[in-house]
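# Provided below for reference: sequence and predicted model.
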Amino acid sequence: MVIFASLLLVMLGGGLGAVARFGCQKAAERWIPLPGWIAIFCVNILGSFLIGTVFGVLQGLQLLNQANHATLIQHFQATQDIQMGLALFVTGFCGGYTTFSTFSLDNLFLMYQHPGQMLFNITGSLLLATLAAWGGLVAGGTLA
């Protein structure tokens, strides 16, 4: 039953995250005169910050195993309620909100049309998303 509930939460969160990403992308296209890949760039960095913040709060409250931040929910030393929350928000919402496939396709198109922008998108995304996740971890730890 726990697995079924987790799957439903991941589906719900993933749907909400995908709708949020779609909304951000359409809003950026309408109101900001920048290339469309910039919206995905920003969404991926914000999503990394959100994930880091969640883990920072949980770590600050000492609800996670201190050994490492494993990607599998089974490795979390947390109550079932927290595992369900992680399924909804981290795996579901943040997984649906951020997108590696669109990032990859954008880079493929940029490679032929604007190679400099492609290099910026790849290096900037990797560096800034990692820094954003770290910043979220620190910020979340102070919130706990």
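Noted; the coordinates are in hand.
# Quick check: the gap between the residue nearest the centre of the chain and residue 11.
Taking Cα atoms, centre = their mean, the centroid of the chain lies closest to residue 47, which sits 3.1 Å from it. For residue 47, the distance to residue 11 (Cβ to Cβ, to the nearest Å) stands at 18 Å. All C-beta atoms are positioned from the backbone trio N, CA, C, and that covers glycine.
# Could you list the buried residues of the worst-scoring helix or strand of the chain on mean pLDDT?
Least confident helix or strand, the chain: helix 80-86 with a mean of 85, by mean pLDDT, DSSP states H and E. Of all the residues in helix 80-86, those buried under the rule 16 or more other Cβ atoms under 10 Å are 82, 83, 84, 85, 86.
# Grab the nearest non-local neighbour of residue 6.
Leaving out its chain neighbours, the residue that sits closest to residue 6 by Cβ to Cβ, 6 or more residues apart in numbering is residue 87, at 4.5 Å.
# Report pLDDT for the one you found.
Looking at residue 87, its pLDDT is 90.
# I'd like to know how many residues surround it.
Using other Cβ atoms under 10 Å, residue 87 has 24 neighbouring residues.
# List the residues that contact it.
Contact partners of residue 87, counting by Cβ atoms under 8 Å, 6 or more residues apart in numbering, are 6, 9, 10, 13, 73.
# do you know how far it is from residue 40?
Going from residue 87 to residue 40 by Cβ to Cβ gives 24 Å.
# again with residue 102
Separation of residue 102 from residue 40 (Cβ to Cβ) stands at 5 Å.
# all helices for the chain, in order.
Under the criterion DSSP state H, the chain contains helices at 2-31, 37-60, 80-86, 95-97, 100-113, 115-143.
# Now the weakest link among these, please, by mean pLDDT.
Note on the helices of the chain: lowest mean pLDDT is at helix 80-86, with a mean of 85.
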